Every structure is written in structure tokens, then in C-alpha cells.
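Asker: dropping the sequence and predicted coords here.
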Amino acid sequence: MAESTDLSLFNVNSKQQMTVWENGTGVEQVQSTDAWFNINTTTPETHIQGLAASLPIIVVLSVLFFIIVVVGIVGNCLVVVVIVKDVKMRQSVTNLLIINLALADLTIMLLGIPEIILFMVNRGWLLGSVACHVNRFIMVASLYSSVISLAVLCIERFIGIVFPLKVNELCTRKKTIISIIIIWTVSIFCGLPVAIFNQTVPTAPNIKHCLTVFPDNNLSQLYIIYKYSESVLFYYLPMVIQIILYSIIAKRLYASNDELSNQFKMRSTCNRRYDSISDTMKARRGVVKMLIASVLLYFISYSPIQVHIIYSTFARSSFLESWDFFVFVMIVTHTNSAANPLLYAIFSQNFRRHFIRCLCSCCSRHQYARTRLDSQDSRHISTRSSTTSKTYVSRL
């Protein structure tokens, strides 16, 4: 799951007074809870902390972000394509949730491209007022959908592994589709404050930023409550759910060989080989590793934001956001949206096989089209040469 430089989870509860510039002079103070811009309010002029990086560092970071975006877009597109094209994978309710997760991450990656460019250019918000509302709202809703999808996916896996007899009752295709609809409904509803209160604010001469601004102090207090509710709903609660359920899943999957052997004897036919027990243990432990990696990645990606919020709440001194902090948060949050397909490829043999097959198919089609085009060009040149030769002979 990726985050833009001004997504909702980056905003903290500390009230920052920000001078709004009009005709080159500061004319009005507005309340903002945006954590991305360090506003110096001790002087009449508003100062936004700029980039403290040299050109080589900017180039390196640009290449790094380019790689992350390309991997994220290609990877999430591959996830959707391989599931949709394969009949067996398409029938799995787990894969329906994975498609929803991939689409949410893909949306974040695509809309995050202009955000990254603006972040690197450091000239404020250049996309206009409409994009300030729409772009940020869609990204926030997609982020929420991605987080909720991870939690629902965890619950579905928990039911499938711990209560396998209830899978056909609780994890049907119809109920999964309803769950996805509910996921997006909740995500859109919770993202409405961004769509309503976001606006472009002049923060310096000829510089505007897309900020969440509220008209009065009372509404700002409500927004602080909203921010803490957001942290609980979209960070702490999903983390607690995933840690508890994945711990139970891991304990169940790391059953002893004797217990697993007894399960096989009860379920299998007479000619089932004992060697398959070892293969099952290996496959199940691979799943556990993937789940642990997913939880760790999720925690690492969004823990800096939550540390920022906690520090800004309880610390006496204000948190001074630095360029290094911005870059780190940008990298880890965008990496989160790009990394899930890589985890599937690393830990899932099925996904890895389909990824390779899909890529090879695309390459072979490209090679075939190129060969066919070269052949057509060759025939065209040959025909043209023959026609020219016949014309020359007839003239003689």
C-alpha cells in the first residue's frame, strides 16, 4: 500500500498556523494539520522547508522511485492478469481478495506518479484544485481498501486453515464479492473528509500546496478525533487482528509430522505416499513465511507515520520533519504497494509459475510480431525490387 506526500495518514494532530499568501503578502492564518510542510510561524513570512539534497542524490532517488513504480505497476497488473486468465485461480475466493488488493495498490501506484514528481521537483502543488480533491481522495480510499483487504484476507485464511469445515459456509464466492463491495463502501466513506476539505493553499509567493484545511477551531478538534480514529481503524486494529490470527495459523501450520501424518491417513486414499507429507510441510511453512513477511512489511511501512503522530501528541517539543524523514516514508510506503506481487512470486510456486508463463507469453508474442513485421518488410522490398526490375527490362 503506497502513500502520497500528503495522504491522510501523514497528517498529525498538532495545529500549525500557516500564512496564506495573496499578492505577495501574508494576509490570513489558517489551521492545518498537514505534517509534510514545516511552517515557521515565528516570523511574518512563511517558510517551507525545502529540499536539502544535491543533484546526484535527486538523480539516485528518481531512479529508485522509477524502479519502485515500474515494479509495482507491472507486478500488480501481472497478479490481476494471471488470476483472470486462469480458470482455477479465478474460482478461488482468496484470489478474489488478492485481485482487489492488487487493484487498490495499482491505483495508488498510478496516481502516485505525479505525487512523486511533484515531491522531487519541490514546486508545490501544480495539478490544480480539482486534482487536489479528486487525486488525493482516490488515493486515500484505495489505501483504506488495501488495508482492509489485507485484514479480510487474513480472516479468510484463518477460517480456511483453522476451521476448514466452515469454509464452504462462510467463504463463498457470493459473500466474498459482498465483502469487497463493503470494503470499498467503507473506504470511500472514510475518505470523504479528504474530498471535502482538501484545497490548494498559497503557502509562499507563487507556491501552493494541497492541504487539508478546516474553517474553524471546533471542526479542527473534530478532525483530530477523526485522525486518531483513522489510526486505530486502519493501523492498530488491522495489525492486532493480523498478528493474533497469523500466530494461530502459524501454530497450526507448524504441526508435528506425526499429527500431519495422522491427518493424511484420515483424509487420503490407500495409495497416498508418505513423501507428500514432507512436501505439504514445506508448502505450508512457505505460506507462513509469506504471511510473516506481509505483516512485517505492513508494520515497517506505516510505523514511521504512527510514531510521528504519537510523538507530536505527547512530546513537548515539536517534531521537525526533515528531508531524510520525508524520503524514507515515501520509499517505504510506495514499496509496500509494489512488494506484494514480489512476495507472491517468492513464496508461492503457483503464482511464480504463472508469472513466468505470462511474461514468456508476452515476450514470445512480441518476438512473433517483430518477426512477422520483418518478414512482411522483406517481402515488400523483394516485390518492389522485382517490379522495378521488370519495369526496367520492359523499357529496354
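Answerer: Sure, I can see it.
Asker: what are the buried residues along stretch 201-215?
Answerer: 201-204, 207-214 (16 or more other Cβ atoms under 10 Å). Any C-beta I mention is one placed from the backbone N, CA and C, and that applies to glycine too.
Asker: do me a favour and get the end-to-end distance for stretch 307-327?
Answerer: End-to-end distance for stretch 307-327, by Cα to Cα, to the nearest Å: 16 Å.
Asker: give me the mean pLDDT for that stretch.
Answerer: For stretch 307-327, mean pLDDT rounds to 74.
Asker: could you pull out the helices in the stretch 251-396 of the chain for me?
Answerer: 257-267, 275-314, 323-347, 349-395 (DSSP state H, counting those that start in this stretch).
Asker: weakest of these in terms of mean pLDDT?
Answerer: Looking at these, the weakest mean confidence is helix 257-267, a mean of 54.
Asker: just to be sure, K208 is in a helix?
Answerer: No - K208 is assigned strand when assessed by DSSP: H, G, I helix; E, B strand; the rest coil, not a helix.
Asker: enumerate every residue touching it.
Answerer: K208 makes contact with 124-125, 200-202 under the criterion Cβ atoms under 8 Å, 6 or more residues apart in numbering.
Asker: which one of the residues you listed sits closest to N135?
Answerer: W125 (9.7 Å; Cβ to Cβ).
Asker: excluding chain neighbours, what is closest to that closest one?
Answerer: Spatially, and ignoring its direct neighbours in sequence, W125 is nearest to C210 (4.2 Å; Cβ to Cβ, 6 or more residues apart in numbering).
Asker: now do the contacts for I177.
Answerer: Per Cβ under 8 Å, 6+ apart, neighbours of I177: L96.
Asker: likewise for N135?
Answerer: 111, 114-115, 127.
Asker: tabulate those (JSON lines), appending distance to D86, neighbour count and secondary structure.
Answerer: Converted to JSON lines, the contacts of N135 look like this (distance: Cβ to Cβ, whole Å; neighbours: other Cβ atoms under 10 Å; DSSP: H, G, I helix; E, B strand; the rest coil):
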{"residue": "L111", "distance to D86": "28", "neighbour count": "18", "secondary structure": "helix"}
{"residue": "P114", "distance to D86": "34", "neighbour count": "15", "secondary structure": "helix"}
{"residue": "E115", "distance to D86": "33", "neighbour count": "24", "secondary structure": "helix"}
{"residue": "L127", "distance to D86": "38", "neighbour count": "17", "secondary structure": "coil"}
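Asker: including distance to L143 and pLDDT, could those go into JSON lines?
Answerer: Converted to JSON lines, the contacts of N135 look like this (distance: Cβ to Cβ, whole Å; pLDDT from 0 to 100):
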{"residue": "L111", "distance to L143": "10", "pLDDT": "91"}
{"residue": "P114", "distance to L143": "16", "pLDDT": "87"}
{"residue": "E115", "distance to L143": "12", "pLDDT": "83"}
{"residue": "L127", "distance to L143": "19", "pLDDT": "88"}
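Asker: list just the nearest of those residues to I83.
Answerer: Among those, and counting by Cβ to Cβ, the member closest to I83 is L111, at 22.5 Å.
Asker: correct me, but the closest one touches F137?
Answerer: No - the pair L111 and F137 fails to qualify as a contact (Cβ atoms under 8 Å) at a distance of 10.1 Å.
Asker: on that earlier part again, for the contacts of K208, which one is nearest S312?
Answerer: Using Cβ to Cβ, these come closest to S312 at V201, 20.1 Å.
Asker: ok, and the closest non-adjacent residue to that closest one?
Answerer: V201 sits nearest to L211 (Cβ to Cβ, 6+ apart), 4.9 Å away.
Asker: and that neighbour, that's in a helix?
Answerer: No - checked against three-state DSSP, L211 lies outside a helix; its state is strand.
Asker: okay, and the beta partners of it?
Answerer: Q199 (DSSP bridges).
Asker: residue boundaries of the strands in the stretch 1-150 of the chain?
Answerer: For the stretch 1-150 of the chain, the strands defined by DSSP state E, counting those that start in this stretch occupy 16-22, 25-32.
Asker: least confident of the ones you listed, on average?
Answerer: Across the strands of the stretch 1-150 of the chain, strand 25-32 gives the lowest mean pLDDT, at a mean of 45.
Asker: contacting residues for V194?
Answerer: By Cβ under 8 Å, 6+ apart, the neighbours of V194 are 8, 133, 136-137, 140, 212.
Asker: related to what we said a few turns ago, hmm, the residue nearest to V201 is touching R136, no?
Answerer: No - counting by Cβ under 8 Å, L211 does not reach R136; the two are 9.9 Å apart.
Asker: related to what we said a few turns ago, need the contacts of K208 in JSON lines with pLDDT, can you?
Answerer: Shown next, in JSON lines, are those (pLDDT from 0 to 100):
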{"residue": "G124", "pLDDT": "81"}
{"residue": "W125", "pLDDT": "86"}
{"residue": "T200", "pLDDT": "87"}
{"residue": "V201", "pLDDT": "85"}
{"residue": "P202", "pLDDT": "85"}
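Asker: closest one of those to C362?
Answerer: Out of the contacts of K208, the member with the shortest distance to C362 (by Cβ to Cβ) is W125, at 36.8 Å.
Asker: select only the buried ones of the contacts of V194 in PyMOL?
Answerer: Buried members of the contacts of V194, defined by 16+ other Cβ under 10 Å, are picked up in PyMOL with:
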select buried, resi 8+133+136+137+140+212
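Asker: most widely separated two among the contacts of V194?
Answerer: S8 and H133 (13.1 Å).
Asker: low-scoring stretches of the stretch 1-150 of the chain, by residue?
Answerer: Counting by pLDDT under 70, the stretch 1-150 of the chain has low-confidence residues at 1-53.
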